[in-house]
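Asker: sequence and predicted structure, then a few things I'm wondering about:
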Amino acid sequence: MALMQRSAVRGPAFGSAKPARAVLRAPRSRASAVSVRADGQQIQVEIDKPLGLQLDQSTAPGGGLVVKSSRGNAAKAGIKAGDTIIYTSSFFGDELWPADKLSFTNNAVTNCPSPVTFIYVPGENTKINVKRLPKRPAPARFGRKLTEAERTLASHICVDCGYIYCDQVPFDETPANYRCPQCNAPKRRFVSYDAKSGKSTGIAEGTAGTIATVIGGLLGIGVLFYLGTNI
């Protein structure tokens, strides 16, 4: 099954109105994608689940979440123990939220689709007041245009991540356990897609359940009493 190549992630414009600096980009992979400011102060990564991260509330003046341990995909992305997480994906993955509260961040990261976006500072955060950071739009992920051959075959789209099914095998003939190659969503999360108009039709199964999951995650925040958790 062919995987669509994701577009390069643009590094967000951090800080003040200084002239734009060059951004170093690494090619995407299933493990992670990295976008680093040239000054190296803030690093943005996208990591497929399972992440392999254990976080704790930072006691640094600027706040954020300190990385207690990093393994698996998180380690491959370059995150190390002692680094400070300052932004993570939101529940739906359509925004980046300041990582100022451990329990809230853990719930958001657990429920958002894969891959998860993180912005972190190497080592201890001593300059950024994470509690005062605004929400940010999530980076664009799937911007590559379809080739003519893909447009001919395109028939369905994943409502969770935007992956367009362009395989030779008709979508209806794929096995019941088929999963989205990009976000691992089940087959029922795909709807019909018209490549000419760029529009989808129908409602994916489980949409109401997704909303219920988010509400449940919010309620779960009130019962999280531990400081560190594996995600």
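Answerer: Looks like it arrived, so ask away. Residues are numbered from 1 along each chain as shown.
Asker: any chance you could list what contacts the helix or strand containing residue 74?
Answerer: Element membership for residue 74, per DSSP states H and E: helix 72-76. Residues outside helix 72-76 that contact it (C-beta atoms under 8 Å, 6 or more residues apart in numbering): 31, 32, 47, 48, 49, 50, 51, 52, 53, 67. To be clear about C-beta, it is placed using only N, CA and C from the backbone, and glycine gets the same treatment.
Asker: need the residues you listed in JSON lines (columns: secondary structure, neighbour count and pLDDT).
Answerer: Shown next, in JSON lines, are these (DSSP: H, G, I helix; E, B strand; the rest coil; neighbours: other C-beta atoms under 10 Å; pLDDT from 0 to 100):
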{"residue": "31", "secondary structure": "coil", "neighbour count": "16", "pLDDT": "40"}
{"residue": "32", "secondary structure": "strand", "neighbour count": "21", "pLDDT": "42"}
{"residue": "47", "secondary structure": "strand", "neighbour count": "27", "pLDDT": "89"}
{"residue": "48", "secondary structure": "coil", "neighbour count": "21", "pLDDT": "85"}
{"residue": "49", "secondary structure": "coil", "neighbour count": "17", "pLDDT": "87"}
{"residue": "50", "secondary structure": "coil", "neighbour count": "13", "pLDDT": "91"}
{"residue": "51", "secondary structure": "coil", "neighbour count": "25", "pLDDT": "94"}
{"residue": "52", "secondary structure": "coil", "neighbour count": "18", "pLDDT": "94"}
{"residue": "53", "secondary structure": "strand", "neighbour count": "29", "pLDDT": "95"}
{"residue": "67", "secondary structure": "strand", "neighbour count": "21", "pLDDT": "97"}
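Asker: which one of the residues you listed sits closest to residue 186?
Answerer: residue 49 (14.7 Å; C-beta to C-beta).
Asker: surely that closest one meets residue 111?
Answerer: No: Residue 49 is beyond contact range of residue 111, at 11.0 Å (criterion: C-beta atoms under 8 Å).
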